[in-house]
Every structure is written in C-alpha cells, then in structure tokens.
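>>> Curious how this folds, go ahead:
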Amino acid sequence: MALYRSLLAACCLATFSFAAPLLDLSVNIHVGSGGIDKVRGVNLGGWLVLEPWITPTLFDKTGNPDIVDEYTFGKLQDPDVALDALKEHWDTWITEQDFIDIANAGLNTVRVPIGYWAFEVSNGEPYIQGQIPYLRKALEWGNAHGLQVIIDLHGAPESQNGYDNSGQRRNAPGWHLNQTNIDRTTAVVARIANEFDAPIYAPLNEPAGYIDGVLEPTLQYWKDAYAVIRNSSHSEAKVLIHDAFQNLTSLQRFMTPPEFQNVAMDKHIYQVFSDAENQRSEEEHIQFACNLTEQLSTFDLELYVGEWAPAKTDCAKYLNGRGKGARYDGTFEGSSKIGSCEGLTGSANTFSEDYKTFLRKYWEVQTITYEKADGWIQWTWKAENADEWSYQAGLANGWIPKNPTDPASQGHLFKFWPQLSESERKSLLDQLDALDIERVNRIYQKALSAEAETNDPKGPPVSIEPLPKGASESIKDEAKQKEWRKIGLEAVSRGEVGVLLMAGGQGTRLGSSAPKGCYDIGLPSHKSLFQYQAERIARLQTVAEKEFGKATGSVIIPWYVMTSGPTRRDTEDFFSKHSHFGLDPKNVIFFEQGTLPCLTMEGKVILDAPSKVAVAPDGNGGLYAATRAPLSPSDKSHTVLSDLSRRKILYVHAYCVDNCLVRVADPAFLGYSISKQADCAAKVVPKSHPTESVGVVALRGGKYSVVEYSEITKEQAERRDPETGELMFRAGNIANHFYTTAYLNQVEKFEGEMAFHIARKKIPHVDLESGASVKPTKPNGMKLELFVFDVFPYTERFAVLEVERREEFSPLKNAPGTGADDPETSRRDLLAQHKRFLENAGAIVKDGVEIELSPLVSYDGEGLENVRGKSFSKSGMVGSLEELDALV
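Okay, here's the model as predicted:
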C-alpha cells in the first residue's frame, strides 16, 4: 500500500508540503482530562452488555432463536442457566490481560458499556444481574495499567433506541415515552457517579434522536444527568454526551461554558447501516471519512468519535440483529444484493491481502481525521467472529499499527522535510509509496521474532534430522536418468517448460559494476555467463525438436530474467547489444526483483540522504513476489505468472546466474520432478567434507528446510550412514529448483508466514541531527532478505535430486586469484567438463589440451558421436562439429 501518498490524496490535501503535519498526529492538541492529549482507545463491547454479533456463540448455545438480546437472554431460559453462562462470559471475555494488551498497543482509554439493569431492576424485568464487580475490576485494571476508563451507560429502561445493544431489541424505543424511565436512568447515573471513580461518565449511549419525540427529552436529560454528576462525590469528572445522531451544527453552543463545564460530545461514525453506505466503493468510504475533517475540527465542545470501525460492510453475523441478515449480500429484509460477504467478515485468515490493505488504509484515514477532533475510541476491542471490527485482530494481522501515534513508526523520514525542494519531496514520497512501509514493519517484527526464537537457549528444541531414506535419488542411476530425461524432454517439446533466472546481483566482488551475468570467466570464446545459458536454451530446444519430430523453431523455452533496480537497464542493454544471443526477444522476459529499505538496529528506515531512502534487494526469495509484480512500469498489465499462464507453462526451472555449469531446463531434473509429482524440488550436491560451509537440505521440525552449516553440531556434521559410509547431512543446497506453475501461484497464500533473514551490515546514511553523510566503520543497520528455499517447509510434495558437483556446480563468488569459487576455478571446471564430454564420446584429449565446446554444439555431451577414436592435440574453441577436426 502506498501509505503516505494515498493518505495525502484521500484527505484532499492540496500539496505535498502537508505531508509532515499529516503524519504528526500530535499537532493542535487539546489537552483533556488526566493530561491526555488525544483520546485513543477501544470499546469493551459485548462484555457487560451483550451483543449477539460480538459473541454469537453465547446466543447460539441457548438453542432458542428468540433469544436476541440481554432481555430475552434472561427471560426465555432458566435464570440459573443464564447466570452460569453470563458468569463464565464475564470471567473470560475481558480479563486484566486485555487491559495490559490495550496499554501495550499504545492506547490510553477504554470505554466500558454497562446497562441500567446492573444497578436496579423492577416490575419483573428479567435481566440477570452480577456485572458490578466486573466494572470495579475494570476501573482497578485501568488504574494499574495507565488507562482512563469511560463508564458508558449503554442501556436504559424500555430502550433508548430499540437496538439489541440497549439491552432490549424493540420495534421502537420506549424510554422517552415514560418519565419514570428517564428518572430511573438519572438515578442510575447518580449512583455510578457516587460509587465509581472514573474520569469520564457517559450518561446514555445512542438515544435515537432521529425518531419523533426522542430528541427533546434527550436534550433535557443531558442537563439533568450533568447536574447529578456535578452534585456527586466525583463532581469534577468529564460528562460525555451523545449527539443523538444529530448533525453537529445543530448542537453548536449546546451545554457550553460558562454554564456547563468539562462537557464533551460523543459522535459515532459508521458506514455500514444503510443500503447506500454498503454500496460505497472503498475509495468512497475513505473519502467520506476525510470529508468529516471540517465538521469535527470546528465543533465548540471537546469532541470524541466514541464509536467507529474499519469495517466497510454489514456482513458480520448478527450485526443487524440475531436472525437478521446483511444488506450487503441481500439477506436483510428489503435489501438488494450488492455482493458476496465471503472474505469480508469472519476470520482474518480468509481476508485477501488487498482487503487487509484497505482495512489498514481506512483505519489510518479515520484515525487521522478523528484526531482533528479530540480523539477516537474504536468499536470494538475484540469480536468472536468478525475480525474486521476487532482492534485485537487488526493488531495481530497487521492492518492496525503497533503505535497509533505514528502508524508506520517511521515519522523520522520527514526530519528534513522543511528543507527539501518540491522535487525532493516528490522523490521521497515516490520512494515511500514504492516501499510499503507497513509491510516493512511487519517483516521486521517477524524477522526479529524468528531470530530470537532460533537463538533462545531456553526455547523448545527443534529437531534437525537428515533426509530420510527414499526422500532423494541420485542422477548416478543411469537407467532412471534416461527415463527422467525422456519425460522432461517431452515436456520441453510440448512447450510446457519455462526458466526463471535469478540475475539481480552485480559483479562487485569480481571487480565489476556490471550485472554478474555479463561477466567473462576467461574462456577462449570470452562468452559471458548470460551467453552460455542462452545457448544452452537454444541447444535444448533443438534437441527436443529432433527427438520428438517437431518442426524447426517450434519448441520454445521462455526465459524469465530477474534483474534488480541497479542491474535492469544494463542487463537489457547487454542482451540487446548481443541480439539476445540468438533467442527470439519476445521469449526473453525481463522483470525486477523487489527491494526493501535498510533498517537501523531498532527497525527505523535508514535515510541515505535527506530525500533518499537506503534500500537493498530483498534476497533471491524475492523471486516469488516479483513474479506477481508488473513486468515493468510501462507494462503494468502483465506479470511473470500471467505470462506463464498465457503460454500454458506447467513446469518451471529456477537457478542462479553465477553457476557456469548449470544445466538450464535440465530434462533429467524436470523428468525426475514430474515423475515424483512434486510441487517443488531441489537439486543438491554431496558435501565435499563434513565442515564445508554450505547449507544442506534436511528436515527441521519434520519439514523440508535448508539448514545452515552453523546450525548443526560437529557430531551431526560428521555422522555417516553405516551402510554407505556417506555423510548423513550431505545434501548441499545449490539454489537450483523445480516448481509447478500451480505451486508458484499458491506461494502468496503462505508467503506472509515466512520470516525474512536479518543481515547486519555497514550502511552509509545521513546523520539525522546534522544532515551530514556518514560511512560507518562497523555494522550499524540491517538488510532483510528472503531466501528462495524458504518455501520448502510449506511444500506438500517435495523432492530432492542429488547430482554430481563436477558436472553441475561451479559457483562464481570471489575475486580473481582467490583460489576458490573464482573466475579461474569456473573456467577450469567448465573446460574440464568439455574434456569429459569428448572423452565420454570416445575421443582422446592429450594432457594440457583445452577445448571449449559451444553449448550450441552439445548441451550435456550429446551429439559428439563423430569424435570417436579421434585424438585432439590442439587447444581451441569450437562453434560447430566441423571445427573440431582442426584440433585433431
């Protein structure tokens, strides 16, 4: 979500210069009771006043569909049964832990609804009593944890609005029709104000002032209730009166000083209780909230939005009353269907990422708007099966921030805002839009938690076991290899195979600023890594055509090349300069790896310069999100996944660019994976020795994972199979994977569960105090990375194929002359392989002779039958079989 710009646009702010004040939610503070600047709180709905939609199970357990409110809860079942159920509910629905959690969420207020019947019942009213001890607990817990408590009288005799939240659902309210009802209510307020020490008393919730005859007695009641509070033992408390659903303009100058002191107005804002509101688009919901700014900021009393929610529909079960449906899906009497409620209510596990993004945006726009008044109290803290209403669920699922005073917890990004030019401000906002700050915060918190859990010596032990017997197979089984190769090559011939290349890195360690795939490892041909891989694709297409009788040029293996911000243009230019190495340009698709901002050790985004965020690639595991992103700014309608679908690609081979021996779209690997019906598979190579610094594919907690060498003990590393003598932890990971396209389309569903990895680095930055550039000498921050193998534990059907290191793995990691994993070792390993190709075909290659075979001549040693019996005494590079004769 483009947080900053979207909020600017949504709230109709004219220029970017307003961005900093928008995020500074403490501006224009009206200091209220207890020194609180802005009220930020939650309602404890459904606790001491029942509401069927908040706790539907409590009502459903009665087995009586006529029990629709607290009145019938006591009337239509055995009172003892009702009391037992209520005691259990009161004991468990809200506890001290909830108050602790509310305080830890950065909130300062709780509003506690309670009904008149908790204090007195008469004339055979069937209400069950017992709430008062819990109200006392709420006040104690509030004091203990720094939360001001608003005691809200939520229900009056014969109902002030006819809703179930008043205690009694009726066709019309009856409270205002009988002075005795009003007098009883006033007496309850007097008792509350004398017996319970609270900073704020709300004498009555939501009287239905829109019904004829209700408003006039309500306005008089506010004055009478004010009087009894001022004459109570807590006479200094704030009196919070409800607007009775009137336009605030009509209430200007009502109960204002000097005659009335310390009075505040309570306004409730929902957009779900009419057909028209349910029909609003998401942007219209947001715009409506923004449009309230002037009304809320100019009212002459202190003003709280005492109830509101990020819900955009009335889909929650029983929200309109038990036994009543929803307007949104047309099940409410007299309504017409607007859409399906599926995925819009219930558990957040069913919510799409887009819906969660809307909930976040809507939540933030509302809180920003409502703080133009004196604060807000969301309805409600928790709900049994309506997470879109629940503050608790919003915190847990990320659409409500941990710190409501700085929703993204990144206000320092605007430190230099006043000094920036308009173009610099625009540039900064563009970067923030692209980065999705809220997602960054979620990733950071999850990464920290995962790291702490891993490093906690007191935590529960997690078993790490080698791959079980039968979990992997070896390419050395020649009979199976031939069978797998045939299956894989046939899939290639049918156009069912695509290739994903991870090529976002630069050759910095190699002394080059160019993309790593452009690097020349010093072969006689001076071909780049990109060219070698392109020619392997071309050769494999030809082999598939010949073996399966396909027309020349009919077999296509689309090549999806993942670049990064720093390498994309250079990569595309390199391919263009070399005519895409003979491949059809329309079958070479470039896309870009995502980035994440670099963070301080405390999780704050680092500024590289006053108007520039420090960013880094999000790791090769960013591949998955990148396949869902637009291919380019100029092509926002297509993604890698949509292109795979368009081409009817069923299987995908993914690999890293820096392996000169990689068998691109290896038919044997494809066939093995297909035969295993694998969703995801990995190629591995045997570890060269027990202490080799390489991650191994193993079982962590019973699930396939890559376990780093530092995570296994010396004993585990040295453990050997008693039958074969081979290392038990031997399956060295080489970032070479198979996927079904169907699986790639499913990754988004569990991607949020994967924890990013923290890499602590020295990150250049701007000093926030002086504005000077700083180049640190020790790690000062962190980069967050997801690894391509992080999906393994979430894979149901996983397979592992062991291949020979000398044939398939020679990584290019280090600078020339290092002696390991450097250009010289890559060159050596590739030329040694070509020598084996010739010798396996029956040729003799004399010592010291180096022959480079173009991939266009042979993919993996095939097609060299005519060299049998020939002796090669000259070194050189050959681009065709005919050129080999010159080296004899």
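
>>> Mind picking out the helix or strand in the chain with the poorest mean pLDDT?
Least confident helix or strand, the chain: helix 19-23 with a mean of 34, by mean pLDDT, DSSP states H and E.

>>> For the helix or strand just after that helix, which outside residues touch it?
Where DSSP states H and E defines the elements, the next helix or strand beyond helix 19-23 is strand 39-43. Under the criterion Cβ atoms under 8 Å, 6 or more residues apart in numbering, residues 32, 102, 106-111, 113, 147-148, 150, 152, 304, 306-307, 367, 374-381, 391, 404-405 lie in contact with strand 39-43. C-beta here means a position set from N, CA and C on the backbone, and glycine is covered the same way.

>>> any idea which helix or strand comes after strand 39-43?
helix 56-60.

>>> Give me the helices and strands touching that next one, please.
Helices and strands touching helix 56-60, as assessed by 3 or more Cβ pairs under 8 Å, 6 or more residues apart in numbering; DSSP states H and E, are absent.

>>> Quick check: the gap between the residue nearest in space to the middle of the chain and Trp399.
Relative to the mean C-alpha position of the chain, the nearest C-alpha, by Cα atoms, centre = their mean, is the one of Gly752, at 5.0 Å. Gly752 sits 12 Å away from Trp399, taking Cβ to Cβ, to the nearest Å as the criterion.

>>> Quickly note the distance from Tyr210 to Val788.
Distance, Tyr210 to Val788, by Cβ to Cβ: 59 Å.

>>> the more surrounded of these two?
More crowded of Tyr210 and Val788, by other Cβ atoms under 10 Å: Val788, with 23 against 11.

>>> Excluding chain neighbours, give the residue nearest to that one in space.
Leaving aside its chain neighbours, Val788 sits nearest to Asn620 (4.4 Å; criterion: Cβ to Cβ, 6 or more residues apart in numbering).

>>> Give the full set of residues in contact with that neighbour.
By Cβ under 8 Å, 6+ apart, the contact list for Asn620 reads Met502, Gly504, Gln593, Cys656, Ala735, Glu785, Leu786, Phe787, Val788.

>>> Quickly list what the fourth one is bridged to.
Note on Cys656: beta-bridge partners Met502, judged by DSSP bridges.

>>> sorry, back to before: and the residue nearest to the centre of the chain, how far from Ala383?
Separation of Gly752 from Ala383 (Cβ to Cβ): 22 Å.

>>> Low-confidence ranges, the stretch 751-888 of the chain, go.
Scanning the stretch 751-888 of the chain for pLDDT under 70 picks out no residues.

>>> could you pull out the helices for it?
In the stretch 751-888 of the chain, the helices defined using DSSP state H, counting those that start in this stretch lie at 805-808, 823-840.

>>> and the first one, which residues are buried?
In other words, helix 805-808. For helix 805-808, a neighbour-count test (16 or more other Cβ atoms under 10 Å) marks Arg805, Glu807, Glu808 as buried.

>>> Let me see the ranges of the strands in the stretch 351-500 of the chain.
Listed in chain order, the strands of the stretch 351-500 of the chain (DSSP state E, counting those that start in this stretch) span 375-378, 464-465, 472-474, 497-502.

>>> Out of the ones you listed, which gets nearest to Lys87?
strand 375-378 (26.9 Å; Cβ to Cβ).

>>> Tell me the helices and strands packed up against that closest one.
strand 39-43, strand 109-115, strand 302-308, helix 353-370.

>>> Make a markdown table from those and add mean pLDDT and distance to Tyr704 to it.
Below are the helices and strands packed on strand 375-378 laid out as a markdown table (pLDDT from 0 to 100; distance: least, Cβ to Cβ, whole Å):
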| stretch | mean pLDDT | distance to Tyr704 |
| --- | --- | --- |
| strand 39-43 | 98 | 42 |
| strand 109-115 | 99 | 46 |
| strand 302-308 | 98 | 46 |
| helix 353-370 | 91 | 25 |
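
>>> hmm, back to that, for Asn745, state which of the contacts of Asn620 is nearest.
Val788 (16.6 Å).

>>> That closest one touches His737, doesn't it?
Yes. When contacts are counted by Cβ atoms under 8 Å, Val788 is listed as touching His737 (6.6 Å).

>>> what touches both of these two?
Counting by Cβ under 8 Å, 6+ apart, the residues touching both Val788 and His737 are Ala654.

>>> For Lys874, grab the count of nearby residues.
Per other Cβ under 10 Å, the neighbour tally for Lys874 reads 11.

>>> Need the distance between the two termini of stretch 623-631.
13 Å (Cα to Cα, to the nearest Å).

>>> again with stretch 553-563
Stretch 553-563 has an end-to-end distance of 27 Å (criterion: Cα to Cα).

>>> before we move on, back to that, ok, the residue nearest to Val788 to Ala626 distance?
Asn620 sits 10 Å away from Ala626, taking Cβ to Cβ as the criterion.

>>> what's the answer for Gly817, then?
Per Cβ to Cβ, Gly817 is found 34 Å from Ala626.

>>> neighbour-wise, which of those two wins?
Ala626 (25 against 8).

>>> Wait, the more buried one touches Ile589, no?
No. Using Cβ under 8 Å, Ala626 makes no contact with Ile589, being 11.7 Å away.

>>> circling back: save the contacts of Asn620 as JSON lines, and put in distance to Ala85 too.
Converted to JSON lines, the contacts of Asn620 look like this (distance: Cβ to Cβ, whole Å):
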{"residue": "Met502", "distance to Ala85": "58"}
{"residue": "Gly504", "distance to Ala85": "59"}
{"residue": "Gln593", "distance to Ala85": "55"}
{"residue": "Cys656", "distance to Ala85": "61"}
{"residue": "Ala735", "distance to Ala85": "57"}
{"residue": "Glu785", "distance to Ala85": "51"}
{"residue": "Leu786", "distance to Ala85": "47"}
{"residue": "Phe787", "distance to Ala85": "50"}
{"residue": "Val788", "distance to Ala85": "52"}
